[in-house]
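**Student:** Next comes the sequence, and after it the predicted model I'd like to discuss.
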Amino acid sequence: MAARNPVRAYISYSNRDRELMEELVRHLQPLMNEGLLALDYDLVSLKPGDDFTAELPRLLSEASIALFLVSPDSVSSRYVQQETELAISQQQSKVIIPIVLRPCDWFQSPLAKYNALPTMAKPVTTWDNRDEAFEDIVRGLRRVVEAPLGTREAGELPAKHDGPVYAVAVTPDGRLVLSGGADGMAIVWDGLTLKPAGVLAGHGRRPIFDLEVSPDGKLAVTASGDGTVTVWDLARYRALRLLEGHDGDVTAVSFTENGRKLVSGSSDSSIKLWDLETGQISSNATADGPVNDLVVMAGRGLAVVALDAELSVWDLGSAQKIRSFPLGAIGLCALPDGSRVIAWKNDGFVIRDIDGGQIISTVNAPRMEALSVLPGGRQAVSGHPDGLKVWDLASGTMVRSVNLGNEVPTELAVTPDGARVICGLRRGGISAWPIDLSVTRALPAGRDRLRLAYLAVIESPELWRVLESWDEAALSGIGAQLRIPSDQDVLETLAARHPNTAPPPLWAAWVETLYSSKLGKRPDAA
């Protein structure tokens with residue numbers, strides 16, 4: 001594969017932040033040495049005699065990434081404001097990333113709507129170890145510049161599907177998220193920003209019912225209502241093979257453990273094992289009804305197939321059904337021990353041992369739309385019209401829930417680190433939510449953070465423990481977006497809007513801590 005050209009990034013900053021800017025550039029040097037990044041800014045890009053009023057806007061316009069170094073001085077700089085306006089006017093063709101250097105009130109700036117670095121927009125100068133702050137920035141930028149180039153120009157990429165999302169997958173390194181929908185497209189999203197990065201379009205307008213990523217993250221496959229499976233190269237976003245042989249909708253696909261073969265199932269009751277190197281069918285089998293879902297069991301050479309009336313276990317080597325159990329399912333999730341599956345329907349799920357057939361546990365979970373297992377196999381998350389539910393699989397009990405407002409999740413995938421669940425939505429979009437609401441590093445940012453705060457107030461008092469972890473700057477940002485007057489306390493205003501007569505859990509203690517540690521004496525104190 002030919003070497004890629006480096007991604008050009010333009011740095012906008014105030015001259016009073018030059019020392020911090022140069023420190024950032026030193027930390028970015030490995031990305032430049034690897035040929036992934038090229039930087040443009042006044043100190044390196046201008047020659048004596050250059051008209052900077054013309055040259056710098058040209059460099060910004062040509063850059064794929066605009067880095068805005070945020071500080072009190074840059075926020076008040078007229079020139080930085082002009083560069084901000086120029087970058088936003090070109091946002092369809094570039095990624096805009098604020099980098100917060102020093103604490104300041106930038107939350108009403110036009111940059112506030114963009115996901116910032118370092119993590120949680122914590123200013124660089126407030127970190128105990130400044131090198132750790134810069135390395136956090138480098139890791140975030142690496143994920144952006146290493147993302148593969150899309151098949152379309154950025155301005156043409158769709159922001160959502162035209163119809164419900166039926167399938168979601170995440171690459172093993174978490175860099176990319178893929179979604180397939182009723183519109184026949186698979187959209188590739190940046191795993192960090194959830195911005196569209198490319199489109200895999202090869203099935204016309206026939207829906208994509210399933211998609212999977214290979215164990216090495218190099219390939220994706222899409223299963224379509226046109227009766228075919230397409231194998232995609234994720235480095236170039238191009239189709240490698242079209243697998244034809246089913247006579248009905250292809251409803252499920254699953255890679256074998258080494259990623260060299262693929263199992264597919266169809267509404268025509270056929271099950272096929274494909275050799276991905278040759279594109280040929282290695283073996284055929286016929287189930288006792290339309291295939292709803294299938295999974296390959298780790299280390300077993302077996303596949304479990306879900307029909308309306310039964311689960312069946314198939315030997316992939318002989319293409320023979322070796323056992324079956326009553327009680328079918330809409331969907332399946334394999335547990336990592338290779339001996340158990342979760343089989344789910346709209347009214348809940350069961351955990352079943354595939355060797356003896358015993359049902360280990362049964363969980364009632366009405367109106368289920370989707371299910372995904374967390375890494376390690378101890379918990380699962382399910383999607384419902386009223387939001388997400390996280391389950392402890394050992395006890396079969398729900399441990400937490402999240403209300404998604406008007407959004408209905410139709411498909412779920414958990415990131416490899418187990419920190420977030422990616423939701424495919426009935427309205428065609430995708431969103432990401434933290435699994436453990438107490439893990440601040442997994443919290444959504446920007447508009448998702450605002451939505452989470454709103455839900456904490458209006459729908460789910462449990463989420464107040466998320467607000468506990470936010471610092472004053474984050475809360476000020478929420479206040480600015482909600483247009484809460486600057487002389488009003490953000491949390492007190494939010495609490496006043498809560499429909500419950502009693503304040504949310506931990507509210508009183510949190511307010512006392514806030515005033516004692518951050519704001520000083522309460523205004524109502526004697």
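**Tutor:** Sure, I can see it.
**Student:** what are the ranges of the strands in the stretch 51-200 of the chain?
**Tutor:** Ranges of strands in the stretch 51-200 of the chain, per DSSP state E, counting those that start in this stretch, are 65-70, 95-100, 165-170, 176-181, 185-190, 196-201.
**Student:** Gly377 is nearest to which of these?
**Tutor:** Nearest to Gly377 among the strands of the stretch 51-200 of the chain is strand 165-170 (16.7 Å), distances taken as CB to CB. Placement of C-beta: from N, CA and C, glycine included.
**Student:** helices or strands next to the closest one in the packing?
**Tutor:** For strand 165-170, the packing partners by 3 or more CB pairs under 8 Å, 6 or more residues apart in numbering; DSSP states H and E come out as strand 176-181, strand 208-213, strand 219-224, strand 409-414, strand 420-425.
**Student:** got the CA coordinates for the third one in PDB?
**Tutor:** Looking back up the chat, that one is strand 219-224. The C-alpha coordinates for strand 219-224 follow below in PDB (Å, rounded to 0.1, in the frame of the first residue of the first chain):
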ATOM      1  CA  LEU A 219     -12.200  -6.000   6.800                       C
ATOM      2  CA  ALA A 220     -15.900  -5.400   7.200                       C
ATOM      3  CA  VAL A 221     -18.800  -7.400   5.800                       C
ATOM      4  CA  THR A 222     -22.400  -6.200   5.100                       C
ATOM      5  CA  ALA A 223     -25.400  -8.600   4.800                       C
ATOM      6  CA  SER A 224     -28.200  -7.300   2.700                       C
END
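**Student:** okay, how far is it across stretch 86-102, tip to tip?
**Tutor:** 23 Å (CA to CA, to the nearest Å).
**Student:** and that stretch, how far from the chain's centre?
**Tutor:** Averaging C-alpha positions (CA atoms, centre = their mean, to the nearest Å) puts stretch 86-102 20 Å from its chain's average.
**Student:** For that stretch, what does the pLDDT average out to?
**Tutor:** Average pLDDT, stretch 86-102: 84.
**Student:** Check stretch 310-329 too.
**Tutor:** Taken as a whole, stretch 310-329 has a mean pLDDT of 92.
**Student:** follow-up on the earlier one: out of the helices and strands packed on strand 165-170, the one nearest Gly338 is which?
**Tutor:** strand 208-213 (17.8 Å).
**Student:** Now do the closest one: everything it contacts.
**Tutor:** Outside of strand 208-213, the residues within contact range by CB atoms under 8 Å, 6 or more residues apart in numbering are 166-172, 178-181, 184-186, 219-225, 234, 249-255, 262, 293.
**Student:** could you give the angle of that strand to strand 165-170?
**Tutor:** Per axes from the mean of the first three to the mean of the last three CA atoms, to 10 degrees, the angle that strand 208-213 makes with strand 165-170 is 0 degrees.
**Student:** strands paired with strand 208-213, and their directions?
**Tutor:** Sheet pairing of strand 208-213 (DSSP bridges) gives strand 219-224 (antiparallel).
**Student:** Show me which residues of the partner strand are buried.
**Tutor:** Leu219, Ala220, Val221, Thr222, Ala223, Ser224 (16 or more other CB atoms under 10 Å).
**Student:** ok, the nearest residue to Asp233 once chain neighbours are set aside - contacts?
**Tutor:** Of all residues not flanking Asp233 in the chain, Leu240 sits nearest, at 5.3 Å (CB to CB, 6 or more residues apart in numbering). Neighbouring residues of Leu240 by CB under 8 Å, 6+ apart: Leu219, Val231, Trp232, Asp233.
**Student:** Mind checking which of those are in strands?
**Tutor:** Taking DSSP state E, the ones among the contacts of Leu240 that sit in strands are Leu219, Val231, Trp232, Asp233.
**Student:** With pLDDT and distance to Val199 as extra columns, can I get the residues you listed in a markdown table?
**Tutor:** Below are those laid out as a markdown table (pLDDT from 0 to 100; distance: CB to CB, whole Å):
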| residue | pLDDT | distance to Val199 |
| --- | --- | --- |
| Leu219 | 93 | 17 |
| Val231 | 90 | 16 |
| Trp232 | 89 | 11 |
| Asp233 | 86 | 14 |
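**Student:** Weed out the non-buried ones from the residues you listed.
**Tutor:** Leu219, Val231, Trp232, Asp233.
**Student:** what's the farthest-apart pair in those?
**Tutor:** Across those, the longest distance by CB to CB is 8.0 Å; it joins Val231 and Asp233.
**Student:** Quick check: neighbours shared by the two?
**Tutor:** Counting by CB under 8 Å, 6+ apart, the common neighbours of Val231 and Asp233 are Leu219, Ala239, Leu240.
**Student:** any idea how far Tyr13 lies from Gly191?
**Tutor:** 28 Å (CB to CB, to the nearest Å).
**Student:** That should have said Asp487, apologies.
**Tutor:** Distance, Asp487 to Gly191, by CB to CB: 40 Å.
**Student:** re the thing from before, just give me the lowest mean pLDDT stretch among the helices and strands packed on strand 165-170.
**Tutor:** strand 420-425 (a mean of 90).
**Student:** Just checking: what are the partner strands of that one?
**Tutor:** Under the criterion DSSP bridges, strand 420-425 sits next to strand 409-414 (antiparallel), strand 430-434 (antiparallel) in its sheet.
**Student:** Having no further points to raise, I will conclude here.
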